[in-house]
Every structure is written in C-alpha cells, then in structure tokens.
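In: Would you be able to build a 3D model of this:
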Amino acid sequence: MSPHLGQGANLALADAASFAKALAATGDFTAACRRHEEERRPAVDYLSHLSYLLTPFFQSGSRILGWGRDVALPILTSIPPLRRRMGQTLAGKARGWLS
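Out: Residues are numbered from 1 along each chain as shown. The predicted model follows:
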C-alpha cells in the first residue's frame, strides 16, 4: 500500500485487535485466522483500492496530477460529507465506499 494515506500503523493496530478478539472468541488459531480475515477484509479492500486510485496523484512526478491534487483537495475538504468521509478513512473507521 502506498504510504501517502499513512495507514500502515492504523492497519497494524486494527489487525492486532481484530486477531486478538478472534483468538479469544474461538480459542483456535486456524479459526481465529478465518474470523479475523472475514472481519478485516472490507476495510483492507477499501483502503487498498483507495490507495491504488490516489497513488498517481501523490507519488508520481506528474506536475498535472500534482496540480489537480493541490486544487481538488481544498475544495473536497470544504464539502461536509466528503470531509467527514475523509476523516473516517484516515481514522480507520471506513469499511467500504458507502459504509
């Protein structure tokens, strides 16, 4: 996952908590792995897709994409529902495009 979303630590902490909860509930390593994967899959898929889409705007050398990012982000963050969604995503609370 591209580092521009800054989600490495969030994902690691959420994964640790999810796996600990799954292991406590099942008492079985293999079953805990399955439960953990089911629990975490939506959030990880969402962040992976989002990172894939945004990486060109943050990690490329394209001046046009960088300019687009610099123009679009202030506009997007001024729209309350989008600002809220961005906050949920960065806080690790978003689990999908519409959830």
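
In: what number of residues lie near G68?
Out: 13 (other Cβ atoms under 10 Å). The way it works is simple: take the backbone N, C-alpha and C, and place the C-beta from them, glycine included.

In: now it, nearest residue through space, not along the chain?
Out: Counting by Cβ to Cβ, 6 or more residues apart in numbering, the nearest residue to G68 once its immediate chain neighbours are dropped is F57, at 6.6 Å.

In: Distance from the strand or helix carrying A31 to the middle of the chain?
Out: Assigning secondary structure by DSSP states H and E places A31 in helix 29-59. Put simply, helix 29-59 sits 7 Å off its chain's centre (Cα atoms, centre = their mean, to the nearest Å).

In: With stretch 75-91 instead?
Out: 13 Å.

In: Number the chain from 152, please
Out: Okay, residue one is now 152; in that scheme the one you just asked about reads as stretch 226-242.

In: CA atoms only for it - export them in CSV, please.
Out: The C-alpha trace of stretch 226-242 is given here as CSV (Å, rounded to 0.1, in the frame of the first residue of the first chain):
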residue,chain,number,x,y,z
ILE,A,226,-12.4,22.0,-2.5
LEU,A,227,-13.2,18.4,-1.4
THR,A,228,-12.5,19.1,2.2
SER,A,229,-14.8,22.1,2.2
ILE,A,230,-17.8,19.8,1.5
PRO,A,231,-19.0,18.5,4.9
PRO,A,232,-20.0,14.9,3.8
LEU,A,233,-16.7,14.4,2.0
ARG,A,234,-14.7,16.0,4.8
ARG,A,235,-16.4,13.6,7.2
ARG,A,236,-15.7,10.6,5.0
MET,A,237,-12.0,11.6,4.7
GLY,A,238,-11.8,11.8,8.5
GLN,A,239,-13.4,8.4,8.8
THR,A,240,-11.0,6.9,6.3
LEU,A,241,-7.9,8.4,8.0
ALA,A,242,-9.2,7.2,11.4
